[in-house]
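Asks: Sequence and predicted structure, then a few things I'm wondering about:
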Amino acid sequence: MADAVLEILRVIQGDIAGLKADLAGVKTEVRVHSRTLNILLQEGRLLRAAVNDFAMENVGRGGSNPPRPQSPAA
């Protein structure tokens, strides 16, 4: 009886070791995907800012844009 229990525990131990190895690979993939997602989010924010700047430059009536105020020269 004790031998059967020990054999079951060894099998479980082997399964856990395999799961640990699989989990290490998953963690690596998650880090790569997380980094890629952060880069895409940053590029999306930069693109949104560029579009907003472009839209602010092109606002006006009848095609004439008032000049933008200049900051005082230092």
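Replies: Noted; the coordinates are in hand.

Asks: With Arg31 as the reference, measure out to Leu47.
Replies: Noted for Leu47: a distance of 25 Å to Arg31, by C-beta to C-beta, to the nearest Å. Backbone N, C-alpha and C define where each C-beta goes, glycine included.

Asks: what ranges do the strands span in the chain?
Replies: Assigned by DSSP state E, the strands in the chain number zero.

Asks: Where does pLDDT dip in it?
Replies: 59-68, 73-74 (pLDDT under 70).

Asks: how about 90 then?
Replies: Scanning the chain for pLDDT under 90 picks out the ranges 1-2, 52-74.

Asks: Show me where it has its helices.
Replies: Remark: helices assigned in the chain by DSSP state H are 2-57.

Asks: Need the residue closest to the centroid of it.
Replies: Nearest to the geometric centre of the chain sits Leu37, at 2.4 Å (C-alpha atoms, centre = their mean).

Asks: ok, it - contacts?
Replies: Contact analysis of Leu37 by C-beta atoms under 8 Å, 6 or more residues apart in numbering lists nothing.

Asks: Distance-wise, check it relative to Gly44.
Replies: Taken as C-beta to C-beta, the span from Leu37 to Gly44 is 10 Å.
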